[in-house]
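> Sequence and predicted model, in that order:
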Amino acid sequence: MSGHGTPVAMSSHKSTGLQGQADVPGDKSISHRSLILGALSVGETVVTGLLEGDDVLDTAKAMRAFGAEVTRDENGTWHVHGVGVGGFAEPDQVIDCGNSGTGVRLIMGAMATSPITATFTGDASLNGRPMARVTDPLALFGAQAVGRAGGRLPMTIVGAVDPVPVRYEVPVPSAQVKSAVLLAGLNAPGRTVVIEREATRDHTERMLAGFGAQITTENTDEGRVITLTGQPDLTPQTIVVPRDPSSAAFPVCAALITEGSDVLVPNIGLNATRAGLFTTLREMGADLTYENAREEGGEPVADLRARFSPNLAGIEVPPDRAASMIDEYPVLSVVAAFAKGDTVMRGVKELRVKESDRIDAMATGLRACGVDVDEGEDWWIVKGCGHGNVAGGATCASHLDHRIAMSFLVMGLATRKPVSVDDASPIATSFPVFEALMAALGADIRRV
């Protein structure tokens, strides 16, 4: 599947007994950061388990454009020979970040405090997403941004010649914004401080510390205060990327709603800032267990076993959990359709500005499949039908959004009639082996 080519229509049909081991790809968030921080180090960073989806491959191309040497050997191990903090060269060409909001926002941050200019673009979905949330704080360092109306790509960033450190309170929970500011702070003198009222995924802080940056985190009355001392010499690392919990969500949720299923998903990252979905599913009554819990590369990991759970119950998801599972609400809404009672999701306005308006996209598709949904600007409620009672039978629009496409394909495994998506090609951006992996488990998903 290609996230940038001809649309690929797919349909998902009622299945039973998903069985086996689901080796999902490496964590996308950690993969992006491994390449970027490797490029900002001096020497060779070695990365195994890197997610080789379009999003991450576009970040690898971008790091080459900024002067780092990035290669993949025949064993699938990646080698990044970095140029050091402040060592980025000015790219010769426009940087195409494809579908990746994470990639473009983090790279903008990483280059914004170097005296170079770069122009960024992406696919139709990415070019419709707001960038001001990143370019506004980058302007405080001295960087300038010129883009389309509404702060949208294509956009040119003119890096600061004499950057200054900043103190910035993130206005909405966003790991991308926080990370962009911290990466910009690497090449600013003195201390850059980021304050977040609600904790978001902390891979950037963990990895900066691992690469040798001086960074501290303190919980205060203001919120979570992260302080980074600028202009460090980052030390290359050997990184083993854990498997992506956001990708694991799809085979896990498929097993929970598909009769007779027992699926093991090994080596999943269980960072507390990412694992909110699994906590929520267990509260709904899911037969979901952690096995062989351990720590690898500074990140908690475990093997997840998911079994068919016919007696799921709707719950109210705590709003303060949203940051730890923001990408998983689409597939959670699918599970909620098969539960009994209402599943209430609040504090999720960030879903409106993802690859698509995910609340609208999922609500429209769920209704077409016979599920009642109420929605507001930052909340939605899925009124569960109970196992065996979801009609299906609709063709749902993916809106160039990989998670929307995968969510509806999971749904069709347990509906009375098949569920189709108009374009599954964006799945390649984050989960290029989705189709083969699900087929190996016994899912009946077909190209139309």
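Ah, there it is. Residues are numbered from 1 along each chain as shown.
> CA atoms for contacts and neighbours, from now on please.
OK.
> what about the helices in the protein?
Here the chain has its helices, by DSSP state H, at 28-39, 54-65, 101-111, 132-141, 175-185, 203-210, 245-257, 276-283, 329-337, 358-368, 402-411, 434-441.
> could you redo these as a markdown table and give each row mean neighbour count and distance to residue 164?
Below are these laid out as a markdown table (neighbours: other C-alpha atoms under 10 Å; distance: least, C-alpha to C-alpha, whole Å):
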| stretch | mean neighbour count | distance to residue 164 |
| --- | --- | --- |
| helix 28-39 | 26 | 21 |
| helix 54-65 | 23 | 24 |
| helix 101-111 | 26 | 14 |
| helix 132-141 | 21 | 5 |
| helix 175-185 | 28 | 8 |
| helix 203-210 | 19 | 20 |
| helix 245-257 | 27 | 36 |
| helix 276-283 | 19 | 36 |
| helix 329-337 | 26 | 38 |
| helix 358-368 | 21 | 37 |
| helix 402-411 | 28 | 38 |
| helix 434-441 | 17 | 44 |
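> Let me have those in JSON lines, extended by distance to residue 384.
Conversion of these to JSON lines gives the following (distance: least, C-alpha to C-alpha, whole Å):
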{"stretch": "helix 28-39", "distance to residue 384": "31"}
{"stretch": "helix 54-65", "distance to residue 384": "34"}
{"stretch": "helix 101-111", "distance to residue 384": "32"}
{"stretch": "helix 132-141", "distance to residue 384": "35"}
{"stretch": "helix 175-185", "distance to residue 384": "31"}
{"stretch": "helix 203-210", "distance to residue 384": "34"}
{"stretch": "helix 245-257", "distance to residue 384": "12"}
{"stretch": "helix 276-283", "distance to residue 384": "14"}
{"stretch": "helix 329-337", "distance to residue 384": "4"}
{"stretch": "helix 358-368", "distance to residue 384": "11"}
{"stretch": "helix 402-411", "distance to residue 384": "13"}
{"stretch": "helix 434-441", "distance to residue 384": "25"}
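> nearest to residue 157, of the ones you listed?
Taking C-alpha to C-alpha, helix 101-111 is the member of these nearest to residue 157, at 7.3 Å.
> wait, which of the helices of the chain is closest to residue 81?
Comparison of the helices of the chain against residue 81 by C-alpha to C-alpha identifies helix 28-39 as nearest, at 6.4 Å.
> what's the angle between the closest one and helix 245-257?
Using axes from the mean of the first three to the mean of the last three C-alpha atoms, to 10 degrees, the direction of helix 28-39 lies 160 degrees away from that of helix 245-257.
> Identify the residues contacting the residue of the chain positioned farthest from its centre.
Ranked by distance from the centre of the chain (C-alpha atoms, centre = their mean), the top residue is residue 162, with 32.6 Å. With contact taken as C-alpha atoms under 8 Å, 6 or more residues apart in numbering, residue 162 is in contact with 113, 115, 142.
> gap between the first one and residue 231?
What that stands for is residue 113. Distance check for residue 113 against residue 231: by C-alpha to C-alpha, to the nearest Å, it reads 11 Å.
> repeat for the second one
For residue 115, the distance to residue 231 (C-alpha to C-alpha) stands at 15 Å.
> same deal with residue 282?
44 Å.
> rewinding a little: backbone torsions only: list them for the residue farthest from the centre of the chain.
Backbone dihedrals for residue 162, given as degrees, to the nearest 10, come out at phi -130, psi 80.
> so where do the strands sit in the stretch 251-400 of the chain?
262-269, 287-296, 299-307, 316-317, 340-346, 372-375, 379-385, 395-396 (DSSP state E, counting those that start in this stretch).
> Next, show the common contact partners of residue 113 and residue 231.
86, 187, 188.
> shaky segments in this structure?
1-5, 297 (pLDDT under 70).
> TSV please, covering the strands of the stretch 251-400 of the chain and showing distance to residue 51 and mean neighbour count.
Converted to TSV, those look like this (distance: least, C-alpha to C-alpha, whole Å; neighbours: other C-alpha atoms under 10 Å):
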stretch	distance to residue 51	mean neighbour count
strand 262-269	13	24
strand 287-296	17	15
strand 299-307	16	21
strand 316-317	29	17
strand 340-346	29	20
strand 372-375	34	16
strand 379-385	31	21
strand 395-396	27	20
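> coming back round to it: from the shared contacts of residue 113 and residue 231, which is closest to residue 268?
Within these, distances to residue 268 taken as C-alpha to C-alpha reach their minimum at residue 187, with 32.9 Å.
> re the thing from before, which of the contacts of residue 162 tops the neighbour count?
Of all the contacts of residue 162, residue 113 has the most neighbours under the rule other C-alpha atoms under 10 Å, reaching 29 neighbours.
> what's the domain layout of the protein?
10-26+242-447, 28-239 (automatic domain parsing).
> quick revisit: nearest to residue 437, of the strands of the stretch 251-400 of the chain?
Nearest of these to residue 437, taken as C-alpha to C-alpha: strand 262-269 at 11.2 Å.
> contact partners of the closest one?
Taking C-alpha under 8 Å, 6+ apart as the rule, strand 262-269 contacts 17-24, 27, 242-245, 248, 251-252, 255, 299-308, 441.
> again with stretch 227-234
The contact list for stretch 227-234 (C-alpha under 8 Å, 6+ apart) reads 40-42, 84-86, 165, 182, 185-194, 211-217.
> Out of those, which end up buried?
The neighbour-count test (16 or more other C-alpha atoms under 10 Å) applied to the contacts of stretch 227-234 identifies 40-42, 84-86, 165, 182, 185-189, 191-194, 211, 213-215 as buried.
> Count the neighbours of residue 259 for me.
Other residues within reach of residue 259, judged by other C-alpha under 10 Å, total 21.
> Spit out the contact partners of it.
Listed by C-alpha under 8 Å, 6+ apart, the contact set of residue 259 reads 15, 16, 17, 18, 308, 309, 310, 414.
> and which of those residues is nearest to residue 53?
Of all those, residue 53 sits closest to residue 18, with 24.5 Å by C-alpha to C-alpha.
> ok, back up a step: which one among the contacts of residue 162 gets closest to residue 384?
Among those, residue 113 lies closest to residue 384 (C-alpha to C-alpha), at 49.3 Å.
> hang on, the closest one packs against residue 143?
Yes - the criterion here is C-alpha atoms under 8 Å, and residue 113 meets it with residue 143 at 6.7 Å.
> what's the overlap in contacts for those two?
159, 160, 163.
> can you give me phi and psi for the first one?
Residue 159 adopts backbone torsions of phi -70, psi 150, taken as degrees, to the nearest 10.
> Surely it touches residue 110?
No - the pair residue 159 and residue 110 does not pass the contact test of C-alpha under 8 Å, sitting 9.7 Å apart.
> which residues does residue 399 contact?
By C-alpha under 8 Å, 6+ apart, the residues touching residue 399 are 125, 355, 356, 361.
> which residue sits closest to residue 134 in space, ignoring its chain neighbours?
In this structure, residue 134 finds its nearest non-sequential neighbour in residue 177, 5.5 Å apart by C-alpha to C-alpha, 6 or more residues apart in numbering.
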